[in-house]
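S.K.: My questions are about this predicted structure, shown below with the sequence.
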Amino acid sequence: MKPATGDDSDLLALARGAFAGERDPWANAANAAALVYELLPDLNWAGFYFLRSGELVVGPFQGRVACVRIAVGRGVCGTAAQRRATVIVPDVGKFPGHITCDSASRSEIVVPLVSGERLIGVLDLDSPRRDRFTAADAALLEPLAAELVTACDWTLAGIDGF
Ligand code: SME
């Protein structure tokens, strides 16, 4: 399990700094995944899935190799995408349809990326610790997702609807 290497209250300010003057979605998503993984403790995966040709396709991330494609409505990622709402799963073993990428994962939070009416994708964090994620994590990650959405020119990324 990865220990904290910083203060997660710095996350938004550091992300704004990393995105400054840069509109490329892959560049900004890659730096966002790196910041989340570095600053939040007890993670084994942090990264993005983006909506491409009607499916969520893995994007920039930190962690072990992940499943590449997830249908909207499937797994925790697809559920958050369909609901366009953050989903916190305290115990992935009790979430029907959870998709196992790393067998070490025990809990998960998924935050949707939405621009107006458009679903862009999701930000997904996994932890090897049960009950790792709380409303405080949602309150930290939702503004980060919003910041990323506004920082990027999504027409550059082949995301559905742009
Ligand atoms: N567990 C996710 C799949 C993605 S990996 O955790 C990186 C899900 O159920 O959607």
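M.R.: Good, I have the coordinates.
S.K.: I'd assumed Leu35 was in a helix, is it?
M.R.: Yes. Applying DSSP: H, G, I helix; E, B strand; the rest coil, one finds Leu35 inside a helix.
S.K.: which residues does it contact?
M.R.: 11, 14-15, 18 (C-beta atoms under 8 Å, 6 or more residues apart in numbering). The C-beta positions use only the backbone N, C-alpha and C, and glycine is treated the same way.
S.K.: likewise Cys67?
M.R.: Applying C-beta under 8 Å, 6+ apart, one finds that Cys67 lies in contact with 58, 99, 101.
S.K.: Of those residues, which are in range of the ligand?
M.R.: Restricting these to those near the ligand by C-beta under 6 Å from any ligand atom leaves 99, 101.
S.K.: out of the contacts of Cys67, which is most surrounded?
M.R.: Across the contacts of Cys67, the neighbour count under other C-beta atoms under 10 Å reaches its highest value at Cys101, namely 22 neighbours.
S.K.: helix, strand or coil for that residue?
M.R.: Going by three-state DSSP, the secondary structure assigned to Cys101 is coil.
S.K.: Residues in contact with the helix or strand where Ile70 lies: which ones?
M.R.: Counting by DSSP states H and E, the secondary-structure element that holds Ile70 is strand 69-71. With C-beta under 8 Å, 6+ apart as the test, strand 69-71 has contacts from 49, 55-58, 77-78, 99.
S.K.: and what of stretch 92-107?
M.R.: With contact meaning C-beta under 8 Å, 6+ apart, stretch 92-107 is reached by 44-45, 63-67, 70, 74-77, 79, 88-91, 108, 126-133.
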